[in-house]
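In: Quick check, what structure comes out for this input:
(chains A and B, ligands or ions: 6)
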2 protein chains.
Amino acid sequence: RKRILVTGGAGFVGSHLVDRLMVDGHEVIVVDNYFTGRKKNVGHWIGHENFELIHHDIVNPLFIEVDQVYHLASPASPPHYMYNPVKTIKTNTVGTINMLGLAKRTRATLLLASTSEVYGDPEVHPQAETYWGHVNPIGPRACYDEGKRVAETLCYSYAKQENVAVRVARIFNTYGTRMHMNDGRVVSNFILQALQNEPMTIYGDGQQTRSFQYVSDLVDGLILLMNSNYSQPVNLGNPEEHTIREFAEMIRDVVGGKNSIVNKKAVMDDPKRRKPDISLANKVLGWKPRVSLADGLRKTVAYFKKELELRT
Amino acid sequence: RKRILVTGGAGFVGSHLVDRLMVDGHEVIVVDNYFTGRKKNVGHWIGHENFELIHHDIVNPLFIEVDQVYHLASPASPPHYMYNPVKTIKTNTVGTINMLGLAKRTRATLLLASTSEVYGDPEVHPQAETYWGHVNPIGPRACYDEGKRVAETLCYSYAKQENVAVRVARIFNTYGTRMHMNDGRVVSNFILQALQNEPMTIYGDGQQTRSFQYVSDLVDGLILLMNSNYSQPVNLGNPEEHTIREFAEMIRDVVGGKNSIVNKKAVMDDPKRRKPDISLANKVLGWKPRVSLADGLRKTVAYFKKELELRT
Ligand SMILES: NC(=O)c1ccc[n+]([C@@H]2O[C@H](COP(=O)([O-])OP(=O)(O)OC[C@H]3O[C@@H](n4cnc5c(N)ncnc54)[C@H](O)[C@@H]3O)[C@@H](O)[C@H]2O)c1
Ligand SMILES: NC(=O)c1ccc[n+]([C@@H]2O[C@H](COP(=O)([O-])OP(=O)(O)OC[C@H]3O[C@@H](n4cnc5c(N)ncnc54)[C@H](O)[C@@H]3O)[C@@H](O)[C@H]2O)c1
Ligand SMILES: O=c1ccn([C@@H]2O[C@H](COP(=O)(O)OP(=O)(O)O)[C@@H](O)[C@H]2O)c(=O)[nH]1
Ligand SMILES: O=c1ccn([C@@H]2O[C@H](COP(=O)(O)OP(=O)(O)O)[C@@H](O)[C@H]2O)c(=O)[nH]1
Ligand SMILES: O=c1ccn([C@@H]2O[C@H](COP(=O)(O)OP(=O)(O)O)[C@@H](O)[C@H]2O)c(=O)[nH]1
Ligand SMILES: O=c1ccn([C@@H]2O[C@H](COP(=O)(O)OP(=O)(O)O)[C@@H](O)[C@H]2O)c(=O)[nH]1
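Out: Ligands and ions are numbered 1, 2, ... in the order given. Take a look at the predicted model:
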């Protein structure tokens, strides 16, 4: 039984992680500034003796005693992280420095939720952890991409210099229940459009690819990685790759809608292909995703349906 | 006549910039923590009514009133920036945030001393500003390379969001008088070795290339860029490219030494080729380097000779 801090624990991924850690009997402390997260996501734990929720912005120092830190706090969807690029960078630099300072003082292990965006618009396919990436340092996505890259650099600098135990998960596109309705990412957009019989909006020609993992698979991977002895970056993602157009059609099928699919203007620096090479995770963690896209989408569509009903 | 802040102004490049700005009649404030800089480099201005020297670490906030900020504070040579990688990143992230916060409040124009290291170990040759770079985010040089990349990202984020006027100079290898004796970079190492009749140490096979500019050319470029209207990154460097072996031989010739040239172990992630494409600087600033390598080396050798004499 451990004392575990989850930064960004009121968000989409964080709240699922909290569920698992609580069920496993740990003491869990969530720190969140509610920028994109919601109290509701962890509402079912409020009042539980092993659970604590702290309203705090990690750009400011935090002094608590813990054994492990899952460091997830950061805006994650392009519309959110571009909304206030300065804050996005401050969270990933100053915020990460604070959490590493805390891990250093408490001798906790810190797991950074990094991202496939460190590979940028990749020129190598699929992406293995050895790939250095192809990122525009001054483009519109840079506040997130470069913020996460330097957050990784910070982890290894604190590891080398201060002996902080670090884990780095490079997370590929993830979807599932509790995604924010106005998240702006492709899964929530398409599902909401299909459910509301609106045209599904593809940015560009739809030939760009992504590979989507269901959130429970990711949570498995994060916990395995934290408790492993492997300290170098590890990809966590589902290698099943689809074009965005295929993806739109699949979602329409699952929903059973009849709406149109329309092409909008392409967005700048949009990665053209993305697919994780997960042989490393398989080797060092014995991990691979278990939830099929069809199953995951069914659960997610059911969730959004309920959310829409609650709204009206 | 302007009030001008030079962070890192007691360093090699900074002190030459200060000389020029003082001669031009400006009010100059130097902020430095003397990590690699020395009071001596600006000692000739101490007591001048237009000059002020503040002992301050930019990782902490600074509140002064200025019109322009030349933001140069950062360790710059590989042995220095690897000595304390955490501090290197803090200086380039937290320190840059503080200076951008200051520029935002005072409405000053901020020029960032960025670096050719944002291109990493380049796969495009020569390097133009449009190249996204090839950087290992978790390698031994990452604290500097990623620190500078995200410093650039911060500049454009403050520019977009807070209307801060920014200039970004991507500086290529620079040498000249006032280089630190124990700098560890190739020019000072080779000159000191040649002057002291020690073997000249080439890391690796010496076939890697660099292009060296003399410091006065760089100072011209920095001042032109600051006072231009061009806000995107601009390369400043001398496109004359040499292998490190050729470079060792040239320096031995200038010194007139008879010492041997030896090959040592290659260093990790050492860029194999580097040469600036300076057509942009030429177009938007009318700038190009004027000091030949032979002239620059003669001046620099004379400087190191005197420094060695002072020591004994
Ligand atoms: N979901 C994905 O597809 C995906 C892919 C790659 C990486 N990630 C990473 O996983 C993590 C979680 O992502 P998510 O999809 O759950 O996003 P999310 O937006 O749902 O969760 C992020 C949480 O962090 C909180 N937060 C943001 N800034 C904060 C600050 N300064 N102080 C305190 N709390 C702050 C938000 O309020 C939110 O609760 C992020 O670090 C993200 O970069 C997610
Ligand atoms: N010289 C080159 O070849 C070269 C090439 C590319 C970029 N640059 C950049 O130009 C700038 C100046 O480089 P330089 O060669 O003069 O190096 P330098 O080491 O001589 O100068 C850097 C100065 O910054 C000061 N400094 C460092 N950290 C600080 C902090 N936290 N607070 C306050 N002051 C601090 C140092 O004491 C020093 O005086 C650096 O930003 C460097 O990255 C230099
Ligand atoms: O329990 C802690 C310990 C440190 N920090 C912050 O973490 C940062 C980095 O810590 P580090 O030890 O590297 O910095 P130092 O205190 O040496 O400047 C500092 O700014 C602290 O404010 C924190 O928030 N909680
Ligand atoms: O309504 C939308 C939202 C996104 N996308 C595209 O879907 C892909 C995934 O985008 P998302 O924002 O989900 O995440 P990313 O992987 O780009 O961070 C990108 O190519 C987007 O341009 C789209 O076509 N329509
Ligand atoms: O004259 C100033 C103004 C701001 N700052 C610092 O610059 C940082 C970034 O400023 P910004 O305005 O972005 O931050 P905010 O004050 O809004 O948090 C802050 O942490 C301030 O401490 C500074 O050092 N000098
Ligand atoms: O004593 C030395 C110092 C450096 N180098 C090489 O010279 C080049 C330039 O190194 P420097 O540290 O001056 O700057 P960099 O361009 O690598 O930042 C690199 O290939 C180094 O490996 C060398 O051969 N001998």
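
In: Could you check the pLDDT of A:Leu310?
Out: Looking at A:Leu310, its pLDDT stands at 89.

In: near chain B at all, stretch A:68-86?
Out: Yes - against chain B, stretch A:68-86 shows contacts by Cβ under 8 Å from any Cβ of the partner chain at A:Asn84, A:Pro85, A:Val86. The way it works is simple: take the backbone N, C-alpha and C, and place the C-beta from them, glycine included.

In: which one of those residues has the most neighbours?
Out: A:Pro85 (24 neighbours; other Cβ atoms under 10 Å in any protein chain shown).

In: mind listing what whatever residue of the stretch 101-250 of chain A ends up closest to ligand 5 touches?
Out: Nearest residue of the stretch 101-250 of chain A to ligand 5 (Cβ to the nearest ligand atom) works out as A:Cys143 at 13.2 Å. Applying Cβ atoms under 8 Å, 6 or more residues apart in numbering or on different chains to A:Cys143 gives the contacts A:Tyr81, A:Met82, A:Pro85, A:Val86, A:Thr88, A:Ile89, B:Thr153, B:Ser157.

In: With respect to ligand 2, which of those residues is nearest?
Out: Looking across the contacts of A:Cys143 and measuring by Cβ to the nearest ligand atom, the closest to ligand 2 is B:Thr153, at 15.8 Å.

In: would you say that closest one is within a helix?
Out: Yes - according to DSSP: H, G, I helix; E, B strand; the rest coil, B:Thr153 belongs to a helix.

In: Excluding chain neighbours, what is closest to the residue of the stretch 201-312 of chain A found nearest chain B?
Out: Chain B sits closest to A:Pro233 of the stretch 201-312 of chain A, with a gap of 6.7 Å, by Cβ to the nearest Cβ. Nearest residue to A:Pro233, sequence neighbours excluded (Cβ to Cβ, 6 or more residues apart in numbering or on different chains): A:Val168, at 4.2 Å.

In: Let's verify that neighbour: helix, strand, or coil?
Out: strand.

In: Quick check: residues of chain A near ligand 3?
Out: Contact residues, chain A versus ligand 3 (Cβ under 6 Å from any ligand atom): A:Pro61, A:Leu62, A:Phe63, A:Ile97, A:Asn98, A:Gly101, A:Leu102, A:Lys104, A:Arg105.

In: Check the gap between the last one and ligand 1 for me.
Out: Summarising the geometry, the distance separating A:Arg105 from ligand 1, computed by Cβ to the nearest ligand atom, to the nearest Å, is 19 Å.

In: what does the third one give?
Out: Taking Cβ to the nearest ligand atom as the measure, A:Phe63 falls 15 Å from ligand 1.

In: which residues does the residue nearest to A:Tyr83 when sequence neighbours are not counted contact?
Out: Distance criterion Cβ to Cβ, 6+ apart; nearest residue to A:Tyr83, sequence neighbours excluded, is A:Pro75 at 7.3 Å. By Cβ under 8 Å, 6+ apart, the contact set of A:Pro75 is A:Phe35, A:Thr36, A:Tyr81, A:Tyr83, A:Asn84, A:Lys87, A:Thr88, A:Thr91, A:Tyr144.

In: wait, the fifth one sits on B:Tyr158?
Out: No - in terms of Cβ atoms under 8 Å, A:Asn84 does not count as a neighbour of B:Tyr158; the distance is 11.5 Å.

In: Now do the helices for the stretch 101-250 of chain A: every range, in order, please.
Out: A:142-162, A:186-195, A:215-226, A:244-255 (DSSP state H, counting those that start in this stretch).

In: hey, which of these is tucked in deepest?
Out: helix A:142-162 (a mean of 26; mean count of other Cβ atoms under 10 Å in any protein chain shown).

In: So for it, mean pLDDT?
Out: Rounded mean pLDDT across helix A:142-162 is 98.

In: Same question for stretch A:220-238.
Out: So the average pLDDT for stretch A:220-238 ends up being 98.

In: can it be found next to ligand 1?
Out: No - using Cβ under 6 Å from any ligand atom, stretch A:220-238 stays clear of ligand 1, coming no nearer than 8.4 Å.

In: now for that stretch, what's the gap between its first and last residues?
Out: 13 Å (Cα to Cα, to the nearest Å).

In: same thing with stretch A:178-186?
Out: 15 Å.

In: Provide the contact partners of that stretch at residue level.
Out: In contact with stretch A:178-186 (Cβ under 8 Å, 6+ apart) are residues A:12, A:15-16, A:36, A:38, A:41, A:77-80, A:173, A:175, A:187-189, A:192, A:210, A:215, A:244, A:247, A:300, A:303-304, A:307.

In: Quick one: distance of it to the chain centre.
Out: Stretch A:178-186 has its C-alpha centroid displaced from the chain centroid by 12 Å (Cα atoms, centre = their mean, to the nearest Å).

In: Please point out which parts of that stretch sit buried.
Out: Neighbour-count burial for stretch A:178-186 flags A:Arg178, A:Met179, A:His180, A:Asp183, A:Arg185, A:Val186 (criterion: 16 or more other Cβ atoms under 10 Å in any protein chain shown).

In: Need those in TSV (columns: distance to ligand 2).
Out: Shown next, in TSV, are these (distance: Cβ to the nearest ligand atom, whole Å):
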residue	distance to ligand 2
A:Arg178	41
A:Met179	41
A:His180	38
A:Asp183	38
A:Arg185	37
A:Val186	39
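
In: need the residues you listed in TSV with distance to B:His56 and pLDDT, can you?
Out: Below are the buried residues of stretch A:178-186 laid out as TSV (distance: Cβ to Cβ, whole Å; pLDDT from 0 to 100):
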residue	distance to B:His56	pLDDT
A:Arg178	46	95
A:Met179	46	94
A:His180	42	90
A:Asp183	42	87
A:Arg185	43	93
A:Val186	47	96
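
In: wait, is A:Ser310 part of a helix?
Out: Quick fix: residue A:310 is Leu, not Ser. Yes - checked against three-state DSSP, A:Leu310 lies within a helix.

In: picking up where we left off before, specify which member of the contacts of A:Pro75 is nearest to A:Ile54.
Out: For the contacts of A:Pro75, the closest approach to A:Ile54 (Cβ to Cβ) belongs to A:Phe35, at 14.5 Å.

In: Please name the residues that touch that closest one.
Out: A:Pro75, A:His80, A:Lys87.

In: of all those, which comes closest to B:Asn282?
Out: A:Lys87 (37.4 Å).

In: The closest one sits in which helix or strand?
Out: Counting by DSSP states H and E, the element that carries A:Lys87 is helix A:85-90.

In: can you list the residues that contact that helix?
Out: With Cβ under 8 Å, 6+ apart, helix A:85-90 has contacts from A:35, A:59, A:74-75, A:81-82, A:142-144, A:146-147, B:93, B:97, B:150, B:153-154, B:157-158, B:160-162.
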